[in-house]
Structures are given as C-alpha cells and as structure tokens.
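**Q** heads up, no residue letters with this:
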Ligand code: FAD
C-alpha cells in the first residue's frame with residue numbers, strides 16, 4: 001500500500017513500575033523502526049500520573065524521537081498549564097494533544113480547574129505559545145458519551161478547529177462508516193483539518209468491553225458475540241481481532257483516511273501484526 005502522504009503514530013501510557021518502564025522502552029525501540037511521525041504519551045488529571053508522563057516524555061525526547069505529550073486541562077489552573085507548555089517548548093517539543101480530560105471518580109467540583117473544555121485549552125496554547133506547537137485534538141465519530149447530541153458534539157468539535165487545532169485523532173471505533181460519516185459532516189461545515197482514525201488492536205475481550213463502555217466506543221454486536229464465544233481462548237480472540245482490525249485499517253486508508261494512530265497499550269506486537277498485514281511501507 002502506498003502511504004507516503006499518510007501520518008502514522010503510536011500512543012503510549014506512562015508506566016508506573018520499573019518493569020513497565022523497561023517494557024515501554026523496548027516497545028518504543030521496536031516500533032520506532034517503522035519511523036512513525038510521533039509517539040504520543042497520555043496524561044491523567046491529578047497527582048503522580050502527571051510526573052510519570054513527564055518522565056516518559058523526557059526519555060523519548062532524549063532518544064531524539066518525536067514525541068507528542070497529551071495535556072488535559074481539567075483540574076489545572078491556567079498558570080499550571082502554561083508552566084507545562086513552557087517546559088515542553090524548552091525541550092524542543094513541537095506537538096501537543098490538547099484535551100479536556102476526565103477527572104478521577106470521586107474528585108470534587110472544586111478540583112475542576114480554570115478551563116472547562118478543550119477548545120479553551122487550544123485557545124490558551126495559541127495565546128501563550130503562538131505556533132510553537134502543532135495542536136492535535138480529540139474527535140468522536142460515534143459521539144462523545146457526555147454530548148447532548150451528535151450535532152452539539154460537532155459544534156464543539158468545530159470550536160476546537162476554529163480555536164486553532166491543526167489536526168485531530170479519533171476515539172477508537174470498529175465501524176468505518178461512522179468515521180466516514182463524521183468526516184463528511186465536518187467537511188460540510190468547512191472543517192478541513194486532517195482527522196486521523198484512532199485504532200485499538202483487539203487482544204483481550206474483557207478489557208475491550210471495559211474501555212469501550214467507559215469511552216462510548218461501540219463494539220458491533222456480531223463482533224462482541226464472536227469474541228465472547230471464545231471465552232478464555234486468547235489465541236482465537238487475538239486472531240479474530242487482528243483480522244477485523246486489519247480490514248478496518250485497510251478500508252479507512254483506501255477510503256482516504258490521512259493516516260492511523262494506534263492505541264498500542266504499550267505493546268508492540270498487536271500493532272506490528274496489523275501493520276505488517278497491511279503491507280505498510282516504512283517511511284524514511
Ligand atoms: P472536549 O472537546 O472539551 O469535549 C468534552 C465534552 O464537552 C463533549 O461532550 C463536548 O461535546 C462537550 N463540549 C466541548 N466543548 C464545549 C463547550 N465549549 N461548551 C459546551 N460543551 C462542550 N483523557 C485523559 O485524561 N488523558 C489523555 O491523555 C487522553 N488522551 C486521549 C486521546 C484521544 C485521541 C482521545 C480521543 C481521548 C483521550 N482522552 C484522554 C479522553 C478524553 O479526555 C475524554 O474523552 C474527555 O471526556 C473529553 O476530552 P475532549 O478533549 O474531547 O473534551
């Protein structure tokens with residue numbers, strides 16, 4: 001498949017243990033042979049997970065590998081957010097995934113912070129750092145779970161684009177039509193930024209159900225039933241998952257998607273299997 005004009009990227013989460021750190025470093029080293037445009041690193045609202053993000057971003061940046069830290073605004077003051085942006089700018093980081101984020105359950109209303117939505121974070125980044133950063137934002141082809149309606153969610157996505165986002169990465173999905181319909185709706189409104197599909201390889205059924213319930217991603221009934229029927233047979237789950245996700249990626253790329261962003265869950269194997277099945281070349 002000729003993919004010279006497409007952008008491929010890999011998402012990681014910041015590990016907490018020595019074992020997790022060693023695994024992440026091996027994963028980055030392995031996946032970096034595919035010359036991704038960047039690795040992104042997730043960021044959690046509150047406490048120690050933030051310092052784990054900084055440590056992970058620092059290590060990737062020290063390897064001279066392009067890294068895009070996620071930054072969520074919920075729970076932070078403007079000054080705290082600006083300090084983080086200053087830190088990344090000083091490190092020579094040029095890409096940020098700007099998010100509202102979700103507060104950990106149990107956090108009180110007082111911990112909401114100064115900004116309420118991701119469009120305000122995009123505005124803050126542009127206001128304080130001009131064009132230093134390429135700003136990615138989140139998109140939801142199957143609608144954000146808290147949105148009042150698809151149209152209202154699209155209004156809010158448009159606010160992020162108009163505030164200065166350069167491109168978007170979607171929540172994962174297994175229904176290519178939802179992605180194409182979302183992109184069409186954006187283009188109808190003259191939202192022209194690239195919208196890169198987020199791809200979640202399927203390796204573990206119960207984890208997939210848990211994540212999908214939390215983030216509002218739909219597992220089509222036929223797929224859920226087939227995966228469920230395999231019970232503890234993880235080999236068959238992975239085989240079906242690979243087949244389904246490879247076909248999804250092929251359809252997305254052939255239909256004009258501007259690239260793919262893999263939610264690697266810090267594992268190189270499942271993403272590389274899909275990559276190799278697709279016959280993706282490695283950009284130089
Ligand atoms: P927003 O764009 O602010 O939207 C949130 C909700 O508010 C939507 O329902 C929207 O319709 C509505 N809304 C938006 N703007 C307005 C407005 N101005 N007025 C009224 N309503 C509005 N979470 C993390 O905590 N850390 C991460 O690292 C992380 N990485 C992610 C990466 C990707 C690619 C994606 C798709 C999601 C990620 N998330 C992450 C999850 C994300 O933080 C949650 O989905 C969160 O609930 C919404 O974030 P958002 O940036 O899309 O918010």
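**A** It's in. Model, not experiment: these values are computed from the prediction.

**Q** From the centre of the chain, give me the residue that's furthest out.
**A** In the chain, counting by C-alpha atoms, centre = their mean, residue 229 sits farthest out from the average C-alpha position, at 29.1 Å.

**Q** Leaving out the residues flanking it, which one is nearest to residue 92?
**A** With C-beta to C-beta, 6 or more residues apart in numbering as the criterion, residue 92 has its nearest non-adjacent residue at 7.3 Å, and that residue is residue 61. Heads up, the C-betas are built off the backbone N, CA and C, glycines and all.

**Q** likewise residue 68?
**A** Excluding the flanking residues, the one nearest residue 68 by C-beta to C-beta, 6+ apart is residue 95, at 3.8 Å.

**Q** Just grab the bridge partners of that neighbour for me.
**A** On the basis of DSSP bridges, residue 95 takes part in beta bridges with residue 134.

**Q** Compute the distance between it and residue 57, please.
**A** For residue 95, the distance to residue 57 equals 11 Å [C-beta to C-beta, to the nearest Å].

**Q** And residue 150, by the same measure?
**A** For residue 150, the distance to residue 57 (C-beta to C-beta) stands at 34 Å.

**Q** more neighbours, those two?
**A** residue 57 (24 against 16; other C-beta atoms under 10 Å).

**Q** Isn't that one up against residue 67?
**A** Yes: assessed by C-beta atoms under 8 Å, residue 57 is found in contact with residue 67 at 5.4 Å.

**Q** Between those two, which contacts overlap?
**A** In terms of C-beta atoms under 8 Å, 6 or more residues apart in numbering, residue 57 and residue 67 are both contacted by the residues 41, 93.

**Q** need the residues of the stretch 51-200 of the chain near the ligand, please.
**A** On the criterion C-beta under 6 Å from any ligand atom, the ligand has as its neighbours in the stretch 51-200 of the chain the residues 70, 72, 97, 99-102, 117-119, 138, 144, 146-147, 152-153, 156, 159-160, 169, 171, 198.

**Q** Just the ones of the residues you listed in strands?
**A** 70, 72, 97, 99, 138, 169, 171, 198 (DSSP state E).

**Q** got those as JSON lines, with pLDDT, neighbour count and distance to residue 242 columns?
**A** Output for these, formatted as JSON lines (pLDDT from 0 to 100; neighbours: other C-beta atoms under 10 Å; distance: C-beta to C-beta, whole Å):
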{"residue": "70", "pLDDT": "98", "neighbour count": "23", "distance to residue 242": "27"}
{"residue": "72", "pLDDT": "96", "neighbour count": "25", "distance to residue 242": "31"}
{"residue": "97", "pLDDT": "98", "neighbour count": "27", "distance to residue 242": "26"}
{"residue": "99", "pLDDT": "97", "neighbour count": "22", "distance to residue 242": "29"}
{"residue": "138", "pLDDT": "98", "neighbour count": "21", "distance to residue 242": "26"}
{"residue": "169", "pLDDT": "98", "neighbour count": "25", "distance to residue 242": "22"}
{"residue": "171", "pLDDT": "98", "neighbour count": "20", "distance to residue 242": "21"}
{"residue": "198", "pLDDT": "98", "neighbour count": "22", "distance to residue 242": "17"}
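
**Q** With that, I have no additional questions.
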